[in-house]
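[1] Model the following, please.
(one chain, ligands or ions: 1)
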Amino acid sequence: MQQLKNDRYLRALLKQPVDVTPVWMMRQAGRYLPEYKATRAEAGDFMSLCKNPELACEVTLQPLRRFPLDAAILFSDILTIPDAMGQGLYFETGEGPRFKKVIESASDVAKLPVPDPEDELKYVMDAVRTIRKGLNGDVPLIGFSGSPWTLATYMVEGGSSKAFTKIKKMAFADPNALHALLDKLADSVILYLNAQIAAGAQSVMIFDTWGGVLSPRDYKLFSLQYMHKIVDGLTRENEGRKVPVTLFTKNGGMWLESIAATGCDAVGLDWTIDIAEAKARIGDKVALQGNMDPSMLYAPPARIEEEVAIILDGFGEGSGHVFNLGHGIHLDVPPEHAGVFVDAVHRLSAPYHKA
Ligand code: CP3
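    Just a heads-up that it's a prediction; the model follows:
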């Protein structure tokens, strides 16, 4: 077992004592960093960057060179799975992800393969292995996947969406087709995340970015049920350590108890819920990750520090909190503000861990 020099991120997810509250930022590698833009230009485009393990490792490490972050996250994308299923992912500048083939019917779903992670997705596993070497035990590496529902929204809408009419039409007019798709995605995600763990991911996170567009009943039926299946299928220990699992449903504040009941180790919070309330509701069961509004990083440093202090106070004493933004960092945030944020979490959290 490799000794980690800094394991407070893993410890906090398991509610073990820590010296200060660990912090990382969703989308911490990305376009707000000039060095990221330079490496992406070297790669050609975003998918070529994802498919080049050395360059994916380089951009994973870039934010860690700037800021004392407590975790690294694999540089990749949630849409690697639909791409490996043969949908032909591409990125139109300024317009987000697109697919050459869109899923429209039960027969389209039936034709989709379950990708072999060490074959079609080997570039992701190679990136994990390369990053683990590059990290050299400094901090843990987070692996990730999209939730089946969130992946399905992109696969059926053909890209990003605002109203989700195509996927909801499938959900309500042909639910069997959608359940077949979600089930196939859940199987694919289990294989994919377990392969990331075998390759060296020390914790995994599931991004359910669009679960919050569903009604409470439909959230359970079309999103949570499949995340629960994934949690049940994951390798929970590797290299002699627990591999903590974090579930993040954006806009999922109404459903915290159900999310915690899946057996995950931690629940990711966006900024629309008060962390003190979240802790009172599920803090005895799971750790919490979050939850500063990413737009707060536009504020002057003193205001960022004030907000960090408020959230730390909301969580209160003891372990079980991984500080983060409530969603990905915006691309026009000054990098120095991210530095102020990370430093503030470490400096201001020490008094909460004195016991
Ligand atoms: O957090 C990290 O630093 C790791 C890398 C990471 C990326 N995407 C890189 C990326 C992670 C964890 C993701 C997850 C992801 N991808 C999600 C779930 C989390 C969330 O933000 O809600 C979703 C929904 C996607 C799908 C996706 N990928 C979209 C909608 C877009 C376009 C929007 C945008 O920001 O441009 C992407 C592209 C993408 N994924 C970029 C990055 C750094 C930008 C691509 C570029 O360099 O131009």
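[2] close enough to count as contact, residue 126 and residue 52?
    No - here residue 126 lies out of contact with residue 52, judged by Cβ atoms under 8 Å, at a distance of 9.3 Å. Heads up, the C-betas are built off the backbone N, CA and C, glycines and all.
[3] Run through the residues that contact residue 246.
    13, 203, 204, 205, 206, 264, 265, 266, 267, 268, 289, 322 (Cβ atoms under 8 Å, 6 or more residues apart in numbering).
[4] give me phi/psi at the second one?
    Which is residue 203. For residue 203, the backbone dihedrals (degrees, to the nearest 10) come out as phi -160, psi 150.
[5] Who does the helix or strand of the chain with the lowest mean pLDDT pair with, and is each partner parallel or antiparallel?
    For the chain, using mean pLDDT, DSSP states H and E, the weakest element among its helices and strands is strand 89-92, scoring a mean of 90. The strands that strand 89-92 pairs with in its sheet are strand 96-99 (antiparallel) (by DSSP bridges).
[6] Would you mark the buried spots in the partner strand?
    Within strand 96-99, the residues that qualify as buried are 97, 98, 99, counting by 16 or more other Cβ atoms under 10 Å.
[7] now stretch 6-21
    Quick answer for stretch 6-21 (16+ other Cβ under 10 Å): 6-15, 18, 20-21.
[8] With pLDDT added, can I get these in CSV?
    Shown next, in CSV, are these (pLDDT from 0 to 100):
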residue, pLDDT
6, 98
7, 98
8, 98
9, 98
10, 98
11, 98
12, 98
13, 98
14, 98
15, 98
18, 98
20, 98
21, 98
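[9] Can I get these in JSON lines including secondary structure and distance to residue 237?
    Shown next, in JSON lines, are these (DSSP: H, G, I helix; E, B strand; the rest coil; distance: Cβ to Cβ, whole Å):
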{"residue": "6", "secondary structure": "coil", "distance to residue 237": "20"}
{"residue": "7", "secondary structure": "coil", "distance to residue 237": "15"}
{"residue": "8", "secondary structure": "helix", "distance to residue 237": "19"}
{"residue": "9", "secondary structure": "helix", "distance to residue 237": "17"}
{"residue": "10", "secondary structure": "helix", "distance to residue 237": "12"}
{"residue": "11", "secondary structure": "helix", "distance to residue 237": "15"}
{"residue": "12", "secondary structure": "helix", "distance to residue 237": "18"}
{"residue": "13", "secondary structure": "helix", "distance to residue 237": "14"}
{"residue": "14", "secondary structure": "coil", "distance to residue 237": "11"}
{"residue": "15", "secondary structure": "coil", "distance to residue 237": "17"}
{"residue": "18", "secondary structure": "coil", "distance to residue 237": "20"}
{"residue": "20", "secondary structure": "coil", "distance to residue 237": "26"}
{"residue": "21", "secondary structure": "coil", "distance to residue 237": "25"}
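[10] Closest to residue 119 out of those residues?
    Among the buried residues of stretch 6-21, residue 10 lies closest to residue 119 (Cβ to Cβ), at 29.6 Å.
[11] wait, that closest one sits on residue 242?
    Yes - contact criterion Cβ under 8 Å: residue 10 and residue 242 qualify, at 7.4 Å.
[12] near the ligand, from the buried residues of strand 96-99?
    Contacts with the ligand within the buried residues of strand 96-99, counted by Cβ under 6 Å from any ligand atom: residue 97.
[13] quick one: what helix or strand has residue 116 in it?
    For residue 116, there is no host helix or strand (DSSP states H and E).
[14] quick check, nearest of the buried residues of strand 96-99 to the ligand?
    Nearest to the ligand, judged by Cβ to the nearest ligand atom, of the buried residues of strand 96-99 is residue 97 at 5.1 Å.
[15] okay, now the domains of this structure?
    Domain ranges of the chain: 1-28+276-355, 34-66+71-235, per automatic domain parsing.
[16] quick check, the shortest one touching the ligand?
    Yes - looking at domain 1-28+276-355 against the ligand by Cβ under 6 Å from any ligand atom, the contacts come from 26, 27, 28, 328.
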